[in-house]
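[1] give me a model of this one.
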Amino acid sequence: MTQTLLLLPGDGIGPEVTAAAARIAKLVAPDLETQEGLVGGASIDAYGTPLTDETLALAKAADAVLLGAVGGPKWTDVARDKRPEMGLLGLRKGLDVFANLRPAYCFNALVDASSLKREIVEGLDLMIVRELTSGVYFGQPRGIDTDADGTRRGYDTSVYTSPEVERVTRVALEIARGRAGRVCSVEKSNVMETGLFWRNEVTSVHQAHGAGVELSHMLADACAMELVRNPKQFDVILADNLFGDLLSDEASMLTGSIGMLPSASLGIEGTPGLFEPVHGSAPDIAGQGLANPCAAILSLEMALRWSLARPDAADRVMGAVAKALEGGARTRDLGGSMSTDQMTDAIIDKL
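    This is a model prediction of the structure:
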């Protein structure tokens, strides 16, 4: 059966880096059918909403979804429920992709591009598993109100249920079995009820399903410090939606540039995964051909591996990126001068 990859370029540099990934896809998986849709600000401009029912339906019908980036200053004053980021959150919730996989690995050719010393990051290979469809980003009630005495207040609610913690924990345990067999669960159980709940639930799931995997716990602020001090102590980091968001962006900079790292958002078996670069829409360089396409290309690699069951094609993509970097290919964020197209050409040359 023909497999379908839905491309959602989005905003800013999203269309540029998604186009680069699409070029790679045609070479490593020529039988893969691609479709395209709008999301984020591009969808607001066209349809008045960041995610249409039609685009969500296309995503649900696809075998995998590759997204570029959403957001930008153009839509800063749009109502919160209509902002570009709501398109991304709507996709995640609509597809029920509850487990966000964010690898942080340092290519040998980029060791000296990291802001940390070579001995700290050389050989780095860790995976952050972030719960993606619950927690403080989705909890109710939330809002900005004015009290009777005129005092303004803003509030968000962090909520988790046992099934939500269990399913993402089981994903982290399974991933750890294919790696070094260690999971570090991260929360703020010392000051947050949801943090204590998270720790207790993760411990229970590990007792029931964690045979062969070592489980440890760490407070989120301590983990942030340890990621900078000694990141290679970690194998798999498991975190809720908020802390996973923060820690994965921090971890991305250990590798030399946030422009290098992909992500995968997975649901239950048989549902399409959502794959996207960790970087944002970078409106300051949009349209200039300066964006690093590697994160988008490596997001394609994750799609080939995790949703499309094409490990050989995924290996080709990963190998080509590594060889291009070893050959000196560099975009601006990596200290070089290559354009987006030139970097993509360098990777294609190594396929």
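
[2] where do the helices sit along this protein?
    Taking DSSP state H as the test, the helices found in the chain are 14-28, 41-47, 53-61, 84-95, 118-121, 162-177, 193-209, 220-229, 241-253, 294-306, 311-326, 340-348.

[3] how about Gly212, what does it touch?
    Gly212 sits next to 177, 181 when contact means CB atoms under 8 Å, 6 or more residues apart in numbering. Where C-beta positions appear, they are placed from N, C-alpha and C, glycine not excepted.

[4] can you give me the distance of it to Arg179?
    12 Å (CB to CB, to the nearest Å).

[5] one step back: could you dump the helices of the chain to TSV with mean pLDDT, distance to Phe138 and mean neighbour count?
    Shown next, in TSV, are the helices of the chain (pLDDT from 0 to 100; distance: least, CB to CB, whole Å; neighbours: other CB atoms under 10 Å):
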stretch	mean pLDDT	distance to Phe138	mean neighbour count
helix 14-28	98	23	22
helix 41-47	97	20	19
helix 53-61	98	16	16
helix 84-95	94	7	21
helix 118-121	94	34	14
helix 162-177	97	10	20
helix 193-209	98	13	17
helix 220-229	97	19	16
helix 241-253	92	8	21
helix 294-306	97	23	27
helix 311-326	98	31	18
helix 340-348	98	34	20
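
[6] nearest to Val129, of those helices?
    helix 162-177 (4.2 Å; CB to CB).

[7] if you count contacts, what does that closest one end up packed against?
    If contacts are counted by 3 or more CB pairs under 8 Å, 6 or more residues apart in numbering; DSSP states H and E, helix 162-177 sits against strand 99-105, strand 125-131, strand 182-187, helix 193-209, strand 236-239.

[8] what's next to the longest one, contact-wise?
    Residues from elsewhere that reach helix 193-209, judged by CB under 8 Å, 6+ apart: 135, 158-160, 162, 165-166, 169-170, 173, 183, 185, 187-189, 213, 215, 217, 238, 240.

[9] compare the helices of the chain and give me the one nearest Gly259.
    Among the helices of the chain, helix 294-306 sits nearest to Gly259 (CB to CB), with 5.5 Å.

[10] just the angle between the closest one and helix 340-348, please?
    40 degrees (axes from the mean of the first three to the mean of the last three CA atoms, to 10 degrees).

[11] tell me the centre residue of this structure?
    Per CA atoms, centre = their mean, the C-alpha nearest to the average position across the chain is that of Ser263, at 3.2 Å.

[12] wait, it touches Ser299, no?
    Yes - assessed by CB atoms under 8 Å, Ser263 is found in contact with Ser299 at 6.7 Å.

[13] overlap in contacts, the two.
    Joint contacts of Ser263 and Ser299 (CB under 8 Å, 6+ apart) are 275-277.

[14] buried subset of those, written for PyMOL?
    Command for PyMOL that selects the buried part of these, burial taken from 16 or more other CB atoms under 10 Å:
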select buried, resi 275+276+277
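
[15] which one among the shared contacts of Ser263 and Ser299 gets closest to Gly319?
    Phe275 (18.6 Å).

[16] that closest one: what's it in contact with?
    64-67, 262-265, 299-300, 302-303, 306-307 are the contacts of Phe275 under CB under 8 Å, 6+ apart.

[17] with Ser162 instead?
    With CB under 8 Å, 6+ apart, Ser162 has these contacts: Glu201.

[18] that older thread, which residue comes closest to the residue nearest to the centre of the chain once chain neighbours are left out?
    Distances taken as CB to CB, 6 or more residues apart in numbering place Arg102 nearest to Ser263, at 4.7 Å, with adjacent residues excluded.

[19] same check, this time on Pro15
    Pro9 (3.9 Å).

[20] pLDDT score for the one you found?
    pLDDT for Pro9: 98.

[21] my guess is it contacts Ala20, does it?
    No - look at Pro9 against Ala20 with CB under 8 Å: they stay out of range, at 10.8 Å.

[22] circling back: identify the bridge partners of the residue nearest to Ser263.
    Ile128 (DSSP bridges).

[23] that one: neighbour count?
    24 (other CB atoms under 10 Å).

[24] ends of stretch 67-84, what's the gap?
    End-to-end distance of stretch 67-84: 13 Å, with CA to CA, to the nearest Å as the criterion.

[25] so what touches that stretch?
    Contact with stretch 67-84 is made by 8-18, 39-41, 43-44, 48-50, 85-88, 91, 274-277, 279-283, 286, 296, as judged by CB under 8 Å, 6+ apart.

[26] model confidence score at the residue lying farthest from the centre of the chain, please.
    Going by CA atoms, centre = their mean, the residue of the chain most distant from its centre is Asp149, 42.5 Å out. pLDDT, Asp149: 96.

[27] now Asp81
    Per the predicted model, pLDDT is 84 at Asp81.

[28] can you report how many residues neighbour it?
    Asp81: 9 neighbours (other CB under 10 Å).

[29] mind listing what Ala59 touches?
    By CB under 8 Å, 6+ apart, the residues touching Ala59 are 6, 8, 37, 65, 91, 94-95, 272, 274.
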